[in-house]
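> no FASTA, just this:
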Ligand SMILES: Nc1ncnc2c1ncn2[C@@H]1O[C@H](COP(=O)(O)OP(=O)(O)OP(=O)(O)O)[C@@H](O)[C@H]1O
Ligand SMILES: [Mg+2]
């Protein structure tokens, strides 16, 4: 086959043999197959009408023609090695039209026809296409000399979804993007809902970007743990009097079946607020009240079992350390009593919106009901502030990144956080709020949110239902690419949508390398996989387990240390707290 002609188009590698809708079948020689038959390879098709089209190899179709025609003949099978003559076709998805100045238009006016010549796109041409963005995410999987940059404005205003199964590189991708954004834009404003406190290392004392990162952690015990790792986390308090009724339901774990308890809470809360601020007050109006007064107000609602259950839930919450930051926000109550209601909202405005940099809301360790209430309240506040700021002519552009977004905006039910996240997905653009949602369960994520994401970064996904969801949110012509989702390697991503000129498969940079390249010092994310091989190969350090127990039951650790001399304490430390705690 004499296809290997070199023209100004580059090296010719094949010929169009069939066209079906947006898919073009390109025959290539045996010799070219290993080089061009790679998923994600970009090809140029010279149409007879003089247009050059761009396509991407999405599948291969290889068939042994000789064998097919002659498989009945036994000598063919015996001689197979020598005879094999295959039909090699690349299945190419058309992406757009290449202009003579190297730019691409995402439209196809003229379809190719059998006989049209096909060329490989050169690295130079690809570099021109993909290098024209702001934030580098990685390199093309088919050509590591081509870096891929995302357009910041498209990324921030039209929202992004990072989807994949667990362990395939979502958090790494987000960390790479955030680090580079912080490097490029000194006044970038990013709020990160860090469900498992995975990103806190960015603020560690040895992190080169610690000045640009603030960690907020609502629970003192976890702040102390972070402090021991060299991370100075600020407390985060949530004013319970600013919660909506839906957030109260979530906070106290009143699901949709608890209709009686929900009604009682609603009536008690409304009654209390009206008593304090007049009959015209509505249920969700921000009226300050003492949390104990809510307890009284509920207890006056009668003596039936629903009232009792609700009171118990409130009492349990009031006693729990986990709820203290929302039900006993002492600093905010103090701030309010000294400076008034407005100061509380100002606190959120200053901390979450005005201050530039990355603000990590570290929610690791909190139960999901509380996480949902916190996220809902924070995002509601941020959204309201952003709307007012924009209307007042002083926009505060902010990116909100949400890890495990399916927990806060699930498709199957309506926690309060889903309302506000869907609202931001639909209206955020107008007010300068961009969303980045990350999820390992695309099928469980709100379809409204997913449909609003203009850019999709999809890493390895094997679950067929997740694949379908990802496929549905890709542009039509690229849905063939979704077939490659299970075969992607760790850190390999299909990127489609607005932030790239044309869809592509990228090898995402590795965060540890990125931070070293950009800032000269290496740190890793936390939340890496536990290294079983290493940990099972050495004896565990028993001393650290008594530390574990002290953290679990600090009150017992303190009692121990007050009562016993050092020697005895060391003897008993390992088992005493457990037996005492569980009453054995
Ligand atoms: N681009 C990459 N290059 C090299 N290694 C990577 C890359 N992306 C991820 N990894 C490795 O894969 C591991 C898992 O990555 P990551 O934590 O980002 O996955 P994830 O999709 O966020 O997982 P989870 O769903 O559990 O949160 C990391 O420990 C990291 O070392
Ligand atoms: Mg992750």
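That came in fine, so what should we check first? Every value quoted in this text rests on a predicted model; they were computed, and no experiment measured them. Ligands and ions are numbered 1, 2, ... in the order given.

> from here on, contacts and neighbour counts on C-alpha atoms
Noted.

> OK, contacts around the residue in the stretch 401-550 of the chain positioned nearest to ligand 1?
Each residue of the stretch 401-550 of the chain has a distance to ligand 1, by C-alpha to the nearest ligand atom, and the smallest belongs to residue 491, at 3.6 Å. For residue 491, the set of contacting residues under the criterion of C-alpha atoms under 8 Å, 6 or more residues apart in numbering consists of 168-170, 172-173, 459, 507-510.

> tell me the domain boundaries of this protein?
Taking automatic domain parsing as the domain assignment, the record places the domains of the chain at 2-121, 147-234+354-519, 242-322, 536-575.

> got the buried residues for the host helix or strand of residue 332?
Secondary-structure assignment from DSSP states H and E places residue 332 in helix 330-339. Of the residues in helix 330-339, 332-333, 336 count as buried by neighbour count, 16 or more other C-alpha atoms under 10 Å.

> Check the protein and tell me which residue is nearest its centre.
Nearest to the mean C-alpha position of the chain, counting by C-alpha atoms, centre = their mean, stands residue 438 at 2.0 Å.

> so who does that residue touch?
With C-alpha under 8 Å, 6+ apart as the criterion, the residues that contact residue 438 are 161-163, 170-171, 401-405.

> ok, and which of those residues reach ligand 1?
Restricting the contacts of residue 438 to those within reach of ligand 1 (C-alpha under 6 Å from any ligand atom) leaves 170-171.

> Mind checking which of the contacts of residue 438 are in strands?
161-163, 401-402 (DSSP state E).

> Next, format the residues you listed as JSON lines and append neighbour count.
As requested, those are exported to JSON lines (neighbours: other C-alpha atoms under 10 Å):
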{"residue": "161", "neighbour count": "29"}
{"residue": "162", "neighbour count": "26"}
{"residue": "163", "neighbour count": "28"}
{"residue": "401", "neighbour count": "23"}
{"residue": "402", "neighbour count": "24"}
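
> ok, which pair from the residues you listed is furthest apart?
The distance between the two most remote of those (C-alpha to C-alpha) is 13.0 Å, for 163 and 401.

> Is there proximity between stretch 172-186 and ligand 1?
Yes. If you take C-alpha under 6 Å from any ligand atom as the test, stretch 172-186 does meet ligand 1, through residue 172.

> can you pull the buried residues of the helix or strand hosting residue 548?
Following DSSP H and E, one finds residue 548 within helix 542-552. Of the residues in helix 542-552, those buried by neighbour count under the rule 16+ other C-alpha under 10 Å are 546, 549-551.

> between these, which is nearest residue 424?
Ranking those by separation from residue 424, with C-alpha to C-alpha as the measure, puts residue 551 on top at 38.2 Å.

> Name the nearest residue to residue 237, sequence neighbours excluded.
Of all residues not flanking residue 237 in the chain, residue 325 sits nearest, at 4.9 Å (C-alpha to C-alpha, 6 or more residues apart in numbering).

> Next, count neighbours for the one you found.
Look at residue 325: counted by other C-alpha atoms under 10 Å, it has 21 neighbours.

> Next, give phi and psi for it.
Backbone dihedrals for residue 325, given as degrees, to the nearest 10, come out at phi -70, psi -20.

> For it, give its distance to ligand 1.
In this structure, residue 325 and ligand 1 are separated by 26 Å, where distance is defined by C-alpha to the nearest ligand atom, to the nearest Å.

> just use 241 as the starting number from now, easier for me
Understood, numbering begins at 241; the last thing we discussed is residue 565.

> Identify the residues contacting that residue.
With contacts taken as C-alpha under 8 Å, 6+ apart, residue 565 has the following neighbours: 458-459, 476-478.

> what number of residues lie near residue 385?
Taking other C-alpha under 10 Å as the criterion, the count of residues near residue 385 is 13.

> before we move on, what about residue 342?
A total of 13 residues lie near residue 342 under the criterion other C-alpha under 10 Å.

> Equivalent analysis for residue 766, please.
Using other C-alpha under 10 Å as the criterion, the residues surrounding residue 766 number 13.

> Read off the pLDDT value for it.
The score at residue 766 is 73. That number is its pLDDT.

> on that earlier part again, could you export the contacts of residue 731 as TSV, including distance to residue 714 and neighbour count?
Supplementary listing: the contacts of residue 731 in TSV, determined by distance: C-alpha to C-alpha, whole Å; neighbours: other C-alpha atoms under 10 Å:
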residue	distance to residue 714	neighbour count
408	19	21
409	19	23
410	18	28
412	22	20
413	19	23
699	13	33
747	19	24
748	19	26
749	23	18
750	25	17
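
> Now intersect those residues with the helices, please.
Of the positions in these, 410, 412-413 sit in helices, assigned by DSSP state H.

> on that earlier part again, show me what the helix holding residue 788 is packed up against.
Other helices and strands packing on helix 782-792, by 3 or more C-alpha pairs under 8 Å, 6 or more residues apart in numbering; DSSP states H and E, are helix 794-803.

> model confidence over the helix it packs on, on average?
Predicted confidence along helix 794-803 averages 61 (mean pLDDT).

> Also stretch 550-557?
Per-residue scores along stretch 550-557 average to 95.

> starting at the chain centroid, how far to that stretch?
34 Å (C-alpha atoms, centre = their mean, to the nearest Å).

> Please apply the same query to stretch 668-677.
From the chain centre to the centre of stretch 668-677 is a distance of 14 Å (C-alpha atoms, centre = their mean).

> For it, which outside residues touch it?
395-402, 623, 626-627, 630, 635-645, 664-665.

> got it, and stretch 514-521?
Defining contact as C-alpha under 8 Å, 6+ apart, one finds that stretch 514-521 is touched by 510, 513, 522, 527, 529.

> dump the residue contacts of residue 694.
394-395, 398-400, 737-739.

> 6 Å instead?
When contacts are counted by C-alpha atoms under 6 Å, 6 or more residues apart in numbering, residue 694 is found next to 398-399, 737-738.

> Neighbour-wise, give me the winner out of these.
Within those, residue 399 tops the neighbour count with 31 neighbours, counted by other C-alpha under 10 Å.

> name the element the residue nearest to residue 721 when sequence neighbours are not counted belongs to?
Across the structure, with C-alpha to C-alpha, 6+ apart as the measure, the residue nearest residue 721 apart from its sequence neighbours is residue 298 (5.8 Å). Under the assignment given by DSSP H and E, the secondary-structure element containing residue 298 is strand 292-304.

> can you list the weak-confidence ranges in the stretch 341-490 of the chain?
Within the stretch 341-490 of the chain, no range satisfies pLDDT under 70.

> all helices of it, in order?
When secondary structure is read from DSSP state H, counting those that start in this stretch, the stretch 341-490 of the chain shows helices at 363-370, 392-397, 410-424, 460-468, 485-491.

> CSV please, covering those helices and showing distance to residue 559.
As requested, the helices of the stretch 341-490 of the chain are arranged in CSV below (distance: least, C-alpha to C-alpha, whole Å):
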stretch, distance to residue 559
helix 363-370, 56
helix 392-397, 41
helix 410-424, 35
helix 460-468, 15
helix 485-491, 14
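
> Of all these, which one is nearest residue 689?
Comparing these against residue 689 with C-alpha to C-alpha, the closest turns out to be helix 392-397 (13.7 Å).

> Which elements pack onto that closest one?
For helix 392-397, not one helix or strand is in contact under the criterion 3 or more C-alpha pairs under 6 Å, 6 or more residues apart in numbering; DSSP states H and E.

> Give me the contacts around it.
The contact list for helix 392-397, computed with C-alpha under 6 Å, 6+ apart, reads 374, 669, 674, 738-739.

> okay, among those residues, which ones form the most distant pair?
With distance counted by C-alpha to C-alpha, no two of these lie farther apart than 374 and 669, which are 19.0 Å apart.

> ok, residue 538 - contacts?
Residue 538 sits in contact with residue 508, where contact means C-alpha under 6 Å, 6+ apart.

> Checking my notes, it in a strand, right?
No. Counting by DSSP: H, G, I helix; E, B strand; the rest coil, residue 538 is located in no strand; its state is helix.

> Tell me how far it lies from residue 372.
61 Å (C-alpha to C-alpha, to the nearest Å).

> same thing with residue 687?
Looking at residue 687 against residue 372, where the rule is C-alpha to C-alpha, the gap reads 31 Å.
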